[in-house]
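Undergrad: structure of the sequence below:
(one chain, ligands or ions: 1)
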Amino acid sequence: EGYQYIISSTPKPGVALIQLNRPKALNALCTPLIQELNSALRSHQANPSISAIVLTGSERAFAAGADIKEMKDLTFSAAYRDDFIESWSDLVSFLKKPLITAVNGYALGGGCELAMMGDIMYCSQSAVFGQPEIKLGTIPGAGGSQRLTKAIGKSRAMEAILTGNNISAKQAGEWGLVAKVFETPQECVDGAIATAEKIASYSQVAVKAAKEVVNKSQDLGIREGVEFERRVFHGLFGSQDQKIGMGAFAEKKKAEWKNE
Ligand code: HXC
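TA: Residues are numbered from 1 along each chain as shown. Here you go, the predicted structure:
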């Protein structure tokens, strides 16, 4: 599709796979790469034959961060005026389809932040997470301080961000930063694709609603969150797929979803 820094494919029906592909710079996230990623995600969001998306890097690096060489001479005025990094927040905010990030090798700085934008995170034993910005005289700028803290708790996130120390795959698994730690990079990517395939096999009306209600928990208090969930749950009684799913159960048949 004419991309220079990413490879987009469809490994299974309903599943899109995006691989970051800037090997010489360990997938450092330069502006054109982010633009390509943005446009690939947008086209998958708009494509009715895609139901879930997997994002991965290489065996050596998911992404070693924002492009330091591109950033090093940036001035405050230019960063402020052009809202540097704002395009990153656009990357997933429009995405209603589930995104699974499969992390092998380095996921540092902006790479860790991008990985954490996934609805589900997987990694292999080779993964190395971290927010090393402090070593460069700066701080995380694409959500790291917020998402890492929500994911692993304040004390651990504070330690990682203030020291720049890496977080191993083992720690990431134990702390719940990732949902699963696979042995090998190939198993990690295959596992992500299998999960995406499973999600794609369900009613896409229900999948969309499920993602929406889980995400609400990040912004709402428990009472409002539970109320929101119940409203959406009620709404699904208006879908054909709820009738199809429960009807198939009662008749001991396989549900044939209409996505209606
Ligand atoms: C630009 C990078 C890069 C980066 C690696 N490279 N990371 N270029 N930006 N973030 C380039 C190197 O310059 C080098 O290019 C090539 O990739 C291979 O990297 P090496 O350092 O030679 O590899 P290695 O010795 O194996 O070390 C791997 C590494 C190290 C530990 C991951 O590259 C590293 O520390 N990278 C920077 C990690 C980092 O600080 N990330 C946070 C960035 S700040 P040449 O041309 O020399 O071969 C950030 C802020 C986010 O992300 C804010 C909001 C987005």
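
Undergrad: what helices or strands is the helix or strand encompassing Gln242 leaning on?
TA: Assigned by DSSP states H and E, Gln242 belongs to helix 240-250. The contact analysis (3 or more C-beta pairs under 8 Å, 6 or more residues apart in numbering; DSSP states H and E) places helix 240-250 against helix 204-216. Glycine gets a C-beta too; all of them are placed from N, C-alpha and C.

Undergrad: contacts for whichever helix or strand comes after the helix it packs on?
TA: Sequence order places helix 222-236 as the next helix or strand after helix 204-216, per DSSP H and E. With contact meaning C-beta atoms under 8 Å, 6 or more residues apart in numbering, helix 222-236 is reached by 205-206, 209, 212-213, 216-217, 220, 242.

Undergrad: can you tell me how far Ala78 is from Thr163?
TA: 30 Å (C-beta to C-beta, to the nearest Å).

Undergrad: err, Gln45, not the other one
TA: Taken as C-beta to C-beta, the span from Gln45 to Thr163 is 37 Å.

Undergrad: next: Val214.
TA: For Val214, the distance to Thr163 - C-beta to C-beta - is 31 Å.

Undergrad: OK, contacts around the residue of the stretch 151-260 of the chain found nearest the ligand?
TA: Nearest to the ligand, among the residues of the stretch 151-260 of the chain, is Gly164, at 8.2 Å (C-beta to the nearest ligand atom). For Gly164, the contacting residues are 130-135, by C-beta under 8 Å, 6+ apart.

Undergrad: quick one: which of those sit in helices?
TA: Nothing among the contacts of Gly164 maps onto helices, per DSSP state H.

Undergrad: so how do I select the buried members of the residues you listed in ChimeraX?
TA: Burial among those is assessed by 16 or more other C-beta atoms under 10 Å; the matching ChimeraX selection reads:
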select :130,131,132,133
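
Undergrad: from the contacts of Gly164, which are also near the ligand?
TA: Contacts with the ligand within those, as defined by C-beta under 6 Å from any ligand atom: 132-133.

Undergrad: and the contacts of Gly164 as a markdown table, adding pLDDT and distance to Ala248?
TA: Listed next are those as a markdown table, based on pLDDT from 0 to 100; distance: C-beta to C-beta, whole Å:
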| residue | pLDDT | distance to Ala248 |
| --- | --- | --- |
| Gly130 | 98 | 46 |
| Gln131 | 98 | 46 |
| Pro132 | 98 | 50 |
| Glu133 | 98 | 51 |
| Ile134 | 98 | 54 |
| Lys135 | 98 | 55 |
